[in-house]
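S.K.: here is the input, now give the coordinates:
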Amino acid sequence: MRQLNLNLKGYDFSNLVIWQAYLQEVELQNVNLTGADLARSSFSQTFGSILSVAMSPDREFLVTSDNNGSIHVWSVKDGQPRLACSGHTSWVYAVAVSPDGKAIASGSFDKSVKLWNIQTGQCLQTYEGHSDWVWTVAFSPDGQLLTSAGNDQMIKLWKLNGELLQNLEGHASSVYTIAFSPDNTILASAGEDSTIHLWDTATGTELRTIAQPPQSTYDLAFTPDSQILISASTDGTVKLWNVHTGECLRTLTGHTRGVFSVDVSPDGALLASGSEDSTVKLWHLHSGQCVKTLQGHTGRIWSLSFNRITAEVYTGHAPEISYMLVSGSDDQMVKFWDTHSGHCLRTIRGFSGSVQAVVFNPAGTLLASGSEDRCLRLWNPTTGECLKTLRGHNSWVMAAAFSPDGHWIATGSDDYTVRIWEVATGKCLTTLKGHTNFVPSVLFSPDGKLLISGSADHTIKLWDVSAFLQSQSSISCLQTLHGHDNWVRSVSCNHSGEWLASSSSDLTIKLWHTQSGECFKTFTGHRSIIWSALFCSDNRTLISSSEDQTIRFWDISTGECFKTFSANAPIRSIALSSDEQIPASSHSDHTIALWNLITGEVVHTLRGHTNFIWSVAFCPDSTTLVSSSQDETMKL
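M.R.: Below you'll find the predicted structure:
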């Protein structure tokens, strides 16, 4: 069935005998398997993009975390799941195993750090204190301390009983990675601000700051002798640093896109790096030579971990040790590699089709959704029928927007591109390249002449599509707007198209003049990521939603916030009914709130999703609200 690429949606296989079926890559939506004998059949595991992998000290267990908020423990010997830890309400970006192998620490975008029993999956402790996403966690080598860091720029040192010992301050932006030296004398940290900080673990004092060219660092690793620190950077390089002097000893080049993970073999001979180019590279640490490139993933490789020795290989000289290396990726796969042969020993496949974007066409007769499975789908909103599945992006489809006449649809993706599709045929007409990070927001101007894209590369691009949509001539980028210091999360135009608003992870909203590209005003007041900002039809008011659990109303002329609605959970998106009397907001607690615009009270809470909700949108006549969620569903 997999070879024939059959569409099995809606089939009834109840009470059938189906033995030894390999169904790991087969879509089984609405397939009835009630009472079926599925002996020795293989299915995809229910996990999403793998964000972190960690090995137990005895190398018997592998721990993974994903963007569904799940933590899984696997047997390394046979690749079978042992248990799952449930409790986080958002992405779990980091996991670590304690030096004694008894506990798992996890850091999540729900702003919490948790400690779990690795044998039972029981949550032993929840550490609260971060005010924003937690990107990284690490145990000290002696197992006495747990550290965590994230978007709030704080590095927190905890006792395992939950007591906060110290906050380390020094970074100017998000901290993505922390690592202890094996001798437990130094804690290293790095992130968005192009610096690496080295801290004395005994006192918490800063020993040294290493400045780098503008780039983000997503992973750090020490050599076993604690003398060299290795960094993975979004410029596609891996750098080796002298811990005592801060000198860059070597820069390893070879990856074609950003590097997001590094790890060092236990003997210090091999370095592994994982990249956005979907490859893992193995390097001789002392010579800097790339000895192997491991291919097989189809997405960004977020995490790497060396495992046990698989063999001692004799090549005529001293024996070469072959290790097992584990990689976790956006492609929802965990791969086990033999470092000597470069062969993939085993693959654990997951599946998650979270729906990240949803939008109605101007007539309200068509619904478009963009998903983690790299597809754009067009739906009949009345019947719920999927009319077309459009494929072409190489990673998540994060944003979608119809042209004002409804003939075209634009998409933004985690593959750094923007695509324009013809609605009638489902054909991809062009791919726009130029952004250097994911594109979570796209928008046509009200007159349909401009396509606007906002990216995690901190920029906004204005594309001239007027001639293209008439004759499919080439598209030029008219302007690139610079000004944000972090990811651009949303873009919106006022009704005339004269003004453009952008919201960002830098906690600001910026108002731009569309024609000149000049930043007219910056709105400040939110305390966390601003997921969306949109204009009211009066051209005097902006509305924004934020991770800080508030909706704010801004006076465009003065830049002042004149009204604030407070919620009980972070707010991912906001939509206004056509008469602008009902704001609807989606929340990380799996709910949607409908607000009274005058009193700021929630008049209805809509429940039904089982994971956080990415997006909400009203149909043009406001009779229907649609929501899309990490739980792989849309609800109307």
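
S.K.: hang on, Gln470 in a helix?
M.R.: Yes. Looking at Gln470 with DSSP: H, G, I helix; E, B strand; the rest coil, it is inside a helix.

S.K.: contacting residues around it?
M.R.: Neighbour list for Gln470: empty [criterion: CB atoms under 8 Å, 6 or more residues apart in numbering]. For the C-beta atoms, the positions are set from N, CA and C on the backbone; glycine is no exception.

S.K.: and the closest residue to Phe553 other than its chain neighbours, how far is that from Leu597?
M.R.: Leaving aside its chain neighbours, Phe553 sits nearest to Lys563 (4.0 Å; criterion: CB to CB, 6 or more residues apart in numbering). Here the criterion is CB to CB, to the nearest Å. By it, Lys563 lies 9 Å from Leu597.

S.K.: check what pLDDT the residue positioned nearest the centre of the chain gets.
M.R.: The chain has Asn67 as the residue nearest its centroid, 7.1 Å off, counting by CA atoms, centre = their mean. For Asn67, the model assigns a pLDDT of 84.

S.K.: shouldn't it be in contact with Trp91?
M.R.: Yes. Asn67 lies in contact with Trp91 (CB atoms under 8 Å); the separation is 4.6 Å.

S.K.: common neighbours of the two, please.
M.R.: By CB under 8 Å, 6+ apart, the residues touching both Asn67 and Trp91 are Leu51.

S.K.: need the pLDDT of Gln20.
M.R.: Looking at Gln20, the pLDDT reads 57.

S.K.: for Glu385, same thing?
M.R.: 89.

S.K.: that one: neighbouring residues, count only.
M.R.: 9 (other CB atoms under 10 Å).

S.K.: ok, the residue nearest to it when sequence neighbours are not counted - contacts?
M.R.: Leaving out its chain neighbours, the residue that sits closest to Glu385 by CB to CB, 6+ apart is Trp379, at 6.7 Å. Residues near Trp379 by CB under 8 Å, 6+ apart: 366-369, 385-387, 634.

S.K.: distance to Ser233 and secondary structure added to those, as JSON lines?
M.R.: Output for those, formatted as JSON lines (distance: CB to CB, whole Å; DSSP: H, G, I helix; E, B strand; the rest coil):
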{"residue": "Leu366", "distance to Ser233": "42", "secondary structure": "coil"}
{"residue": "Leu367", "distance to Ser233": "40", "secondary structure": "strand"}
{"residue": "Ala368", "distance to Ser233": "35", "secondary structure": "strand"}
{"residue": "Ser369", "distance to Ser233": "34", "secondary structure": "strand"}
{"residue": "Glu385", "distance to Ser233": "46", "secondary structure": "coil"}
{"residue": "Cys386", "distance to Ser233": "40", "secondary structure": "strand"}
{"residue": "Leu387", "distance to Ser233": "43", "secondary structure": "strand"}
{"residue": "Met634", "distance to Ser233": "37", "secondary structure": "strand"}
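
S.K.: which single one of these is nearest to Ser327?
M.R.: Ser369 (29.5 Å; CB to CB).

S.K.: how near is that closest one to Arg377?
M.R.: Applying CB to CB to Ser369 and Arg377 gives a distance of 5 Å.

S.K.: cool, and Ser532?
M.R.: Ser532 is 22 Å from Arg377, by CB to CB.

S.K.: the two: which has the busier surroundings?
M.R.: Ser532 (26 against 22).

S.K.: from memory that one sits against Ile574, does it?
M.R.: Yes. In this structure Ser532 lies within contact range of Ile574 using CB under 8 Å: 5.3 Å.

S.K.: which residues do these two both contact?
M.R.: With CB under 8 Å, 6+ apart as the test, Ser532 and Ile574 both reach 544-545.

S.K.: so where's the stretch 201-350 of the chain uncertain?
M.R.: 308-320 (pLDDT under 70).

S.K.: ok, which stretches of it are strands?
M.R.: Counting by DSSP state E, counting those that start in this stretch, one finds strands in the stretch 201-350 of the chain at the ranges 206-211, 217-222, 228-233, 238-242, 248-252, 259-264, 270-275, 279-284, 290-295, 301-313, 320-329, 333-338, 344-349.

S.K.: CSV for the ones you listed, including mean neighbour count?
M.R.: Shown next, in CSV, are the strands of the stretch 201-350 of the chain (neighbours: other CB atoms under 10 Å):
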stretch, mean neighbour count
strand 206-211, 15
strand 217-222, 23
strand 228-233, 24
strand 238-242, 21
strand 248-252, 15
strand 259-264, 25
strand 270-275, 26
strand 279-284, 21
strand 290-295, 16
strand 301-313, 19
strand 320-329, 22
strand 333-338, 23
strand 344-349, 16
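
S.K.: lowest-confidence helix or strand of this protein?
M.R.: Scoring the helices and strands of the chain by mean pLDDT, DSSP states H and E places strand 42-43 at the bottom, with a mean of 48.

S.K.: so where's the stretch 1-150 of the chain shaky on pLDDT?
M.R.: For the stretch 1-150 of the chain, the ranges with pLDDT under 70 are 1-15, 17-47.
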